[in-house]
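Novice: Quick one: sequence plus predicted model below, questions after.
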Amino acid sequence: KDYNAASRHIAVLAFPMGTHAAPLLSFIRQISTAAPDLTFSFFSTAESNASTFRTDSTLDKIKTYDVWNGLPKGYVFKGNHAEPAEYFVKALPGNFREAMDKVTAETGKRFDCLVTDAFYWFGADMAAEMQIPWVPLWTSGPRALLIHVETDKIRRHLGIEGDPEKTLDFLPDFSMIRASDLPDGVVLRNVHSPFAEMLHKMGLALPRATAVAANSFEELDPIITNMLKSRFRKFLNIGPFCRTLPPPFSDSHGCIEWLHKQEPASVAYISFGSVVIPPPHELAALAEALEDVGSPYLWSFRGDPEKLLPKEFVERSKERGKIVPWAPQLKVLEHPSVGVFITHCGWNSVLESMVGGVPLIVRPFFGEQNLNNRFVEAVWGMGLGVEGGILTKDAMVKALKLILSTEEGEKMRKKIGVHKELALKAVEPNGSTTKNFENLVKIISNH
Ligand code: UDP
């Protein structure tokens, strides 16, 4: 292998599920551009590498290596998305160690720095053993991160099986958060799941990191950011990634052209991210609500719409709506025709909507989506959680009308505008994100 003996060699450990490996790769590419003398070995599962590097087969400074996905021989996916993730988590960290040892043997070159998804608590011990810096990247925002850092304290105050309505008033700026809003596995549900245990260990390990990076910007949550700064050796917000690391634009289904033909702020854009598919009765309820309100819609649909949506709806969609398997979401949300975003409230979607200036209607499913929903609604005033927590026709009609055609919707747009300005300032040449990124490049390249 053509490693430059003089160059620093960085090990990058990606989390293969959800929207994790792609932003980590974009981040590494950004570092590579800023510090061209570095070489990177990028580790993830074969499936994840194939999809993350789909459009990037020519990255000569970044080589990919596959790690075992943890699945037993002959495993068949039966629809529970948590299952493959649990198998994968159980294979940690042995699967990474094995692949990394092979690379060191093959290249004869040790690693000089360890960059990992923040999930990988074992990065602390690995980096200590190798006596190199550890830089975990948290692909989400500071509020969810603080929850994992404070899990023991939260459990002490709320009790693991305590009152779901009890609030987190013992943490500054969290008094509007209830036990039931917390990410899965902190209290109430699934506290012993492999995923919950990973996040718990992560919260305990991150203070040992050389620097923790996150996908947010300092001005969004200054109180929380300062709390994290006091707990970590260094905490650097280097987002929003939708501005600093935008994915390459491609629009093979003509979404943008279709949006050009719609009225300003009239379209409902729908996407539940890269993992979730809502159950059929909820999809049908949403379809009915869209028809009832009569707004045009652009739906990024996971799965087969012919099977999962009412037949007549798909037929009629040809007039008023557009259903596609994947949309250029960032550009869609920045398009003036989009008036509302119906979402599961994944962190990337929240930031993209903020930068696009579009209010949200939220149907959260798992992980930190409940928590994000609560901040969107109660802290940033950017949108509404769907009444009753699931997609029903009545609740959706009400929420759509409120956002698309009342003064309250207008107010939300104004509030989002304030955050949007802050986000755009952060990524300017002298902005906080730009400075934090430069700082991080120095740490990783040891300059
Ligand atoms: N996304 C996209 N087109 C689609 C659906 C999703 O580009 O049709 C992108 C979206 O812009 C976001 C990511 O996929 O960057 C979803 O990330 P998020 O954190 O919201 O949810 P997750 O996929 O992790 O559940």
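Specialist: Yes, it's here.

Novice: dump the residue contacts of the residue of the stretch 201-350 of the chain found nearest the ligand.
Specialist: Residue nearest to the ligand within the stretch 201-350 of the chain (C-beta to the nearest ligand atom): residue 346, separated by 2.3 Å. From N, CA and C alone the C-beta is placed, and that goes for glycine too. When contacts are counted by C-beta atoms under 8 Å, 6 or more residues apart in numbering, residue 346 touches 18-19, 273-274, 369, 372.

Novice: so how far is the lowest-mean-pLDDT helix or strand in the chain off the chain centroid?
Specialist: In the chain, no helix or strand scores lower on mean pLDDT, DSSP states H and E than helix 311-320, which sits at a mean of 90. Averaging C-alpha positions (C-alpha atoms, centre = their mean, to the nearest Å) puts helix 311-320 31 Å from its chain's average.

Novice: Next: stretch 40-47.
Specialist: The answer for stretch 40-47 is 19 Å, by C-alpha atoms, centre = their mean.

Novice: which bits of this structure sit near the ligand?
Specialist: Residues of the chain lying close to the ligand by C-beta under 6 Å from any ligand atom are 18-19, 271, 273-275, 300, 326-327, 329-330, 346-349, 352.

Novice: give me that answer again for 5 Å
Specialist: Contact residues (C-beta under 5 Å from any ligand atom) of the chain with the ligand: 18-19, 271, 273-275, 300, 326-327, 329, 346-349.

Novice: packing partners for the least confident helix or strand of the chain?
Specialist: helix 280-293, strand 297-300 (3 or more C-beta pairs under 8 Å, 6 or more residues apart in numbering; DSSP states H and E).

Novice: most packed of those?
Specialist: strand 297-300 (a mean of 23; mean count of other C-beta atoms under 10 Å).

Novice: Just the buried residues of the following helix or strand past it, please?
Specialist: Downstream of strand 297-300, the next assigned helix or strand under DSSP states H and E is helix 305-308. For helix 305-308, the buried set under the neighbour-count rule, 16 or more other C-beta atoms under 10 Å, comprises 305, 308.

Novice: mind listing the strands for the chain?
Specialist: 9-13, 39-45, 62-67, 113-117, 134-138, 212-214, 235-237, 267-271, 297-300, 321-324, 338-343, 360-362, 383-385 (DSSP state E).

Novice: What pLDDT is listed against the residue of the stretch 201-350 of the chain closest to the ligand?
Specialist: If you check residue 346, the pLDDT there is 96.

Novice: give me the low-pLDDT residue ranges for this structure?
Specialist: Along the chain, the model assigns pLDDT under 70 to residues 1-6, 55-58, 447.

Novice: again, 50 this time
Specialist: Regions of the chain meeting the criterion pLDDT under 50 cover residues 1-3.

Novice: Derive a PyMOL selection command for the buried subset of the residues of the chain next to the ligand.
Specialist: What follows is the PyMOL syntax selecting those of the residues of the chain next to the ligand that are buried according to 16+ other C-beta under 10 Å:
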select buried, resi 18+19+271+273+274+275+300+327+329+346+347+348+349
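
Novice: possible to save the residues of the chain next to the ligand as JSON lines with distance to residue 403?
Specialist: Shown next, in JSON lines, are the residues of the chain next to the ligand (distance: C-beta to C-beta, whole Å):
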{"residue": "18", "distance to residue 403": "27"}
{"residue": "19", "distance to residue 403": "25"}
{"residue": "271", "distance to residue 403": "16"}
{"residue": "273", "distance to residue 403": "20"}
{"residue": "274", "distance to residue 403": "24"}
{"residue": "275", "distance to residue 403": "25"}
{"residue": "300", "distance to residue 403": "19"}
{"residue": "326", "distance to residue 403": "24"}
{"residue": "327", "distance to residue 403": "19"}
{"residue": "329", "distance to residue 403": "18"}
{"residue": "346", "distance to residue 403": "19"}
{"residue": "347", "distance to residue 403": "21"}
{"residue": "348", "distance to residue 403": "21"}
{"residue": "349", "distance to residue 403": "16"}
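
Novice: Tell me which of the helices and strands packed on helix 311-320 lies nearest to residue 312.
Specialist: helix 280-293 (9.3 Å; C-beta to C-beta).

Novice: List the contacts of that closest one.
Specialist: 268, 270, 278, 297, 308-310, 313, 316, 320-321, 342, 363, 390-394, 396-397, 400-401, 404.

Novice: cool, and stretch 209-216?
Specialist: 23, 27, 118, 123-124, 127, 133-142, 145, 206, 225, 228, 232-241, 347-348, 351, 436, 439-440, 443.

Novice: gap between residue 220 and residue 423?
Specialist: 7 Å (C-beta to C-beta, to the nearest Å).

Novice: How about residue 105?
Specialist: 44 Å.

Novice: So between these two, which is more surrounded?
Specialist: With neighbours defined as other C-beta atoms under 10 Å, residue 105 and residue 423 compare such that residue 423 has more, 22 against 8.

Novice: Put together CSV for the strands of the chain, with distance to residue 160 on each row.
Specialist: Shown next, in CSV, are those (distance: least, C-beta to C-beta, whole Å):
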stretch, distance to residue 160
strand 9-13, 30
strand 39-45, 32
strand 62-67, 33
strand 113-117, 26
strand 134-138, 24
strand 212-214, 26
strand 235-237, 28
strand 267-271, 34
strand 297-300, 37
strand 321-324, 42
strand 338-343, 30
strand 360-362, 26
strand 383-385, 25
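
Novice: Which residue, other than its chain neighbours, is closest to residue 181?
Specialist: Nearest non-adjacent residue to residue 181, counting by C-beta to C-beta, 6 or more residues apart in numbering: residue 374, 4.4 Å away.

Novice: Kindly provide the distance from residue 50 to the ligand.
Specialist: Distance, residue 50 to the ligand, by C-beta to the nearest ligand atom, to the nearest Å: 17 Å.

Novice: Please report phi then psi for residue 303.
Specialist: Torsion angles at residue 303 (phi, psi; degrees, to the nearest 10) stand at phi 90, psi -170.

Novice: Measure how buried it is and give me the count.
Specialist: Neighbours of residue 303 (other C-beta under 10 Å): 13.

Novice: Residue 80 too?
Specialist: Residue 80: 9 neighbours (other C-beta under 10 Å).

Novice: same check, this time on residue 445
Specialist: 18.

Novice: could you measure residue 53 against residue 145, distance?
Specialist: 27 Å.

Novice: So which of these two has more stuff around it?
Specialist: Ranked by neighbour count (other C-beta under 10 Å), residue 53 and residue 145 place residue 145 first, with 27 against 18.

Novice: Find the nearest non-adjacent residue to residue 159, please.
Specialist: That would be residue 187: by C-beta to C-beta, 6+ apart, it lies 7.2 Å from residue 159.

Novice: Let me see the contact set for the one you found.
Specialist: Counting by C-beta under 8 Å, 6+ apart, residue 187 has contacts 154-155, 158-162, 179.

Novice: Roughly how far does it sit from residue 147?
Specialist: In terms of C-beta to C-beta, residue 187 sits 10 Å off from residue 147.
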